[in-house]
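Visitor: model this:
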Amino acid sequence: MSRTDTALLALRRSGRPEGFSEIVRRYADALFRYCARRLGDRQLAEDAVQETFMRSWEGSATVAPADVAGWLFGIARHTCQETARRRRRAADGAAPLDEELVPAAAEAPAPVEVALDGLDDAEQALLHMRHGEGLTCREIAEKTGRPLGSVTSSLSRTYAKLRGRLTAAGRPE
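Guide: Sure, this is the predicted structure:
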């Protein structure tokens with residue numbers, strides 16, 4: 001049986017880096033897809049994932065998050081936000097660009113993106129694993145070390161929250 005994410009980080013804190021290496025193997029692809037979707041650029045996404053793992057490595061020496069996936073996706077979200085801010089600042093100081101050259105990420109976000117951004121890190125991670133990665137609830141439970149019932153109820157609450165945000169924004173469910 002594979003170790004839970006929490007057990008792997010505990011290995012890292014006890015001086016055994018192989019625990020963190022397994023976390024990287026488990027989440028690198030998912031974090032890349034998440035960052036690529038948010039940034040709209042493959043190279044920036046690769047850099048953001050690298051930065052996410054660097055920050056989480058440093059933090060994992062002292063932090064023991066209950067939801068490792070949510071913690072990682074939260075770091076990735078903040079890293080993507082910083083990257084987008086730097087990109088906007090660079091664009092503001094540069095000469096005007098031809099509209100065809102402006103990346104899609106610079107366009108106004110869709111209502112669904114705004115609603116997703118309103119979710120907390122754990123909720124975003126859960127939705128990404130379920131829909132971005134196509135994992136079943138059972139696979140998410142195994143990957144995160146959470147009970148299946150906890151995963152399904154968390155997912156149900158997240159759907160309800162997302163539905164509420166979309167309805168409030170005037171978008172039908």
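
Visitor: Checking Trp57 next. Helix, strand or coil?
Guide: Three-state assignment for Trp57 (DSSP: H, G, I helix; E, B strand; the rest coil): helix.

Visitor: Can you check the pLDDT for it?
Guide: pLDDT, Trp57: 91.

Visitor: That one reaches Phe20, doesn't it?
Guide: Yes - if you go by CB atoms under 8 Å, Trp57 and Phe20 touch, sitting 6.1 Å apart. (C-beta placed from N, C-alpha, C; glycine too.)

Visitor: can you list residues touching both of the two?
Guide: Arg12 (CB atoms under 8 Å, 6 or more residues apart in numbering).

Visitor: hey, which helix is longest across the protein?
Guide: Using DSSP state H to define each element, the chain has its longest helix at helix 68-93.

Visitor: And it, what's buried?
Guide: 68-77, 79-80, 83-84, 87 (16 or more other CB atoms under 10 Å).

Visitor: count of residues packed around Arg157?
Guide: As a burial measure, Arg157 scores 12 neighbours (other CB atoms under 10 Å).

Visitor: And it, how far from Leu127?
Guide: Remark: distance between Arg157 and Leu127 (CB to CB, to the nearest Å) = 11 Å.
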